[in-house]
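Engineer: got a sequence here, can you build the structure:
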Amino acid sequence: MDARPRPWLREELSSLGRLALPIALAQAGQSLMGLVDTAVVGRAGAVPLAATALGNSLFFFVAVAGMGLMMGLDPLVSQAFGAGDRVRARRLLWQGVWLAFAVGALLALPMTFLPFLLEPAGIEPEVAAGAGRYLWLRLPGLPFLLLFMAGRSYLQSAGRPRPILAAAVAANVANFLLDLLLVFGGAALPSWTGPLRHLPALGAAGAALATTLCTALQAGILALAVSAEPLDVPAPGLRRPVRADLLGAARLGLPVGLHMAAEVGVFALVGILAGRLGRVPLAAHQIALTYGSFSFNAAVGIGNAGSVRVGWAVGAHDTPRARRSGLAAFLAGAGFMSFWALLFLVLPWPLVRAMTDQPEVLAAAVPLMRVAAVFQISDGVQGVGAGVLRGAGDTRFAFAANVLGHYGVGLPVAIALGFGLGEGITALWWGLCAGLTAVAVGLFGRFVRISSRAIAPVHARAPPG
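Structural biologist: Predicted coordinates for the structure are as follows:
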């Protein structure tokens, strides 16, 4: 048997791992804040947990469009570094700052009024009120989240992921302490803490406020990291908005935002459907979704690293290297997610028990963890696929695949099983499994096809239309 491909695969996996590990850990740190929020709020009762579940899902349903727009910077910045043009890469970072403020202002309006739609949608009044307060307290953190993404895009494309990891560690430490203080209040604190003892217990709203403060902290850490890396050559007008670059980033980012909104939207819709089944199914949905989101961050981290390496190769006009980098990322993503599949399958009870001590929620969440185990590999492949296609500058196909997979396959299966046959929340999750698998097949096939021929850098392509 010909063993010649093995050296390049080992080299690609090694290079990918050095970049992916800190990015994946930092990405996991983002979800760890949500996991800690769920674990802390879960001790406050089913209503605060359900409110946090719904509020967090709806926040990301709105915010994800802006996050996707910011990710339009990824191929532009990584390809600029691949071509050795550091000045252009820094200029693109500043376009990301302008874009973050504009998009944050645009998305503030729907996020402000969304809470008023919850009770008419059939959500219990207590849960709807708590979710509304959660959303309003997360809203001030939205611009900081988008600024963080601009800084992350620049630093990971520069091959400097460590500040991203440092920001995640600092934010998680602060988030845990703030959660304990703001969710349960300061009454149990010792006398030397002074005014902190008079803070009231805020429940779900306290978790939202803690996350907003920590998001601002992360953005600040990345801003310091970027400012500590000056350019070696003069670059006049670096911070000025450039219409062509803003439009280019938006043109690439809009399909990313739409595809992310399609994916988050289907989970949010299933969350609303779970809410119609009652507070216990909704709380169980949140616990399983929190673990699924946490494991998925490994795939997103590998996908982001794959995006950078594919972008470097495309910027250097080296399509064979881009193909090797992408295929190695797919292999790493599937392998890593196999570990999570085994963990969810073997240890569902201990994992769920870490989140809640309520027997009815435990009983409802454990079957969802087993469904989540089944779709881990599909989730990993589609997460990596979106990243490597983004590095190649191909963002539209992922949007189409997500719409067709989730809304043409997943959601109809979920509704048919969950409500048509009356199988409840577990059946809704089997629908999610079907949709994720369809998306994974589509994205892998697309990368194999486009990398079989030369891939031009984004700036060298003719503008659409």
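
Engineer: point out where the stretch 201-350 of the chain drops to low pLDDT.
Structural biologist: Residue ranges of the stretch 201-350 of the chain with pLDDT under 70: 233-235.

Engineer: what ranges does it have for its helices?
Structural biologist: 204-227, 243-277, 279-315, 319-346, 348-353 (DSSP state H, counting those that start in this stretch).

Engineer: adding mean neighbour count and distance to Asp379, write the ones you listed out as a markdown table.
Structural biologist: Every C-beta, even on glycine, is put in place using the N, C-alpha and C of the backbone. Below are those laid out as a markdown table (neighbours: other C-beta atoms under 10 Å; distance: least, C-beta to C-beta, whole Å):
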| stretch | mean neighbour count | distance to Asp379 |
| --- | --- | --- |
| helix 204-227 | 22 | 23 |
| helix 243-277 | 21 | 10 |
| helix 279-315 | 27 | 6 |
| helix 319-346 | 20 | 6 |
| helix 348-353 | 16 | 17 |
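
Engineer: which one, of the ones you listed, ends up nearest to Gln27?
Structural biologist: helix 279-315 (4.1 Å; C-beta to C-beta).

Engineer: contacting residues for Ala305?
Structural biologist: Contacts for Ala305 (C-beta atoms under 8 Å, 6 or more residues apart in numbering) come out as Leu16, Leu19, Ala20, Ile23, Ala24, Gln156, Ala329, Gly387.

Engineer: hmm, 7 Å instead?
Structural biologist: Contact analysis of Ala305 by C-beta atoms under 7 Å, 6 or more residues apart in numbering lists Leu16, Leu19, Ala20, Ile23, Ala329.

Engineer: in which helix or strand would I find Val441?
Structural biologist: Assigned by DSSP states H and E, Val441 belongs to helix 425-450.

Engineer: list the buried residues for that helix?
Structural biologist: For helix 425-450, the neighbour count (16 or more other C-beta atoms under 10 Å) marks 425-444, 446-447, 450 as buried.

Engineer: chain center to it, what's the gap?
Structural biologist: Taking C-alpha atoms, centre = their mean, to the nearest Å, one finds the center of helix 425-450 at 17 Å from the center of the full chain.

Engineer: orientation of that helix relative to helix 279-315 in degrees?
Structural biologist: 10 degrees (axes from the mean of the first three to the mean of the last three C-alpha atoms, to 10 degrees).

Engineer: what is helix 425-450 packed up against?
Structural biologist: Counting contacts by 3 or more C-beta pairs under 7 Å, 6 or more residues apart in numbering; DSSP states H and E, helix 425-450 is packed against helix 243-277, helix 279-315, helix 359-374, helix 376-391, helix 396-402, helix 411-415.

Engineer: wait, Leu238 sits on Arg90?
Structural biologist: Yes - in this structure Leu238 lies within contact range of Arg90 using C-beta atoms under 7 Å: 6.1 Å.

Engineer: the nearest residue to Leu222 once chain neighbours are set aside: what secondary structure?
Structural biologist: With sequence-adjacent residues excluded and distances taken as C-beta to C-beta, 6 or more residues apart in numbering, Leu222 is closest to Gly151, at 3.3 Å. Following DSSP: H, G, I helix; E, B strand; the rest coil, the label given to Gly151 is helix.

Engineer: wait, what's in contact with Thr52?
Structural biologist: Asp37, Thr38, Val41, Tyr134, Ala204, Ala207.

Engineer: average pLDDT for the helix or strand hosting it, rounded please.
Structural biologist: For Thr52, the host element (DSSP H and E) is helix 46-71. Across helix 46-71, pLDDT averages out at 83.

Engineer: quick revisit: which one of the helices and strands packed on helix 425-450 lies closest to Pro163?
Structural biologist: Short answer: helix 279-315, nearest of those by C-beta to C-beta, at 14.6 Å.

Engineer: leaving aside the residues next to it on the chain, what's closest to Ala438?
Structural biologist: Closest to Ala438 by C-beta to C-beta, 6+ apart is Gly405, at 3.7 Å.

Engineer: now do the same contact list for the one you found.
Structural biologist: Gly435, Ala438, Val439, Gly442.

Engineer: if I look at it, how far off is Ala440?
Structural biologist: Computed as C-beta to C-beta, to the nearest Å, the Gly405 to Ala440 distance reads 8 Å.

Engineer: show the pLDDT at the residue nearest to Arg240 when sequence neighbours are not counted.
Structural biologist: Excluding the flanking residues, the one nearest Arg240 by C-beta to C-beta, 6+ apart is Trp94, at 7.7 Å. On the pLDDT scale, Trp94 is placed at 91.

Engineer: for Trp94, what is the enclosing helix or strand?
Structural biologist: For Trp94, the host element (DSSP H and E) is helix 86-113.

Engineer: counting contacts, what elements does that helix pack onto?
Structural biologist: Against helix 86-113 (3+ C-beta pairs under 7 Å, 6+ apart) you get helix 46-71, helix 73-82, helix 142-157, helix 243-277.

Engineer: buried residues in that helix?
Structural biologist: Neighbour count says helix 86-113 has 86, 88-100, 102-104, 107, 111 buried, by 16+ other C-beta under 10 Å.

Engineer: what angle separates that helix from helix 243-277?
Structural biologist: 40 degrees.

Engineer: how far out from the middle of the chain is the helix or strand following helix 86-113?
Structural biologist: Sequence-wise, the next helix or strand downstream of helix 86-113 (DSSP H and E) is helix 125-138. Distance of helix 125-138 from its chain centroid, counting by C-alpha atoms, centre = their mean, is 22 Å.

Engineer: quick one, what contacts the nearest residue to Phe336 once chain neighbours are set aside?
Structural biologist: Excluding the flanking residues, the one nearest Phe336 by C-beta to C-beta, 6+ apart is Ala298, at 5.0 Å. Counting by C-beta under 7 Å, 6+ apart, Ala298 makes contact with Ala24, Ala28, Phe336, Met337.

Engineer: make sure Gly431 is actually in contact with Phe419.
Structural biologist: No - Gly431 is beyond contact range of Phe419, at 10.5 Å (criterion: C-beta under 7 Å).

Engineer: follow-up on the earlier one: report the contact partners of the residue nearest to Leu222.
Structural biologist: Here Gly151 is in contact with Ala219, Leu222, Ala223, Val226 (criterion: C-beta under 7 Å, 6+ apart).

Engineer: cool, and Tyr134?
Structural biologist: So Tyr134 contacts Ala51, Thr52, Gly55, Ala204, Ala205, Ala208 (C-beta under 7 Å, 6+ apart).

Engineer: skipping adjacent residues, who's closest to Arg396 in space?
Structural biologist: Pro255 (4.5 Å).

Engineer: can you add distance to Ala167 and give the helices and strands packed on helix 425-450 back as TSV?
Structural biologist: As requested, those are arranged in TSV below (distance: least, C-beta to C-beta, whole Å):
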stretch	distance to Ala167
helix 243-277	21
helix 279-315	14
helix 359-374	28
helix 376-391	20
helix 396-402	27
helix 411-415	35
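
Engineer: per-residue pLDDT, Leu137?
Structural biologist: So Leu137 comes in at 91 (pLDDT).

Engineer: skipping its backbone neighbours, what lies nearest it in space?
Structural biologist: Ala208 (3.8 Å).

Engineer: same check, this time on Ala39
Structural biologist: Nearest to Ala39 is Met355, by C-beta to C-beta, 6+ apart, at 5.4 Å.
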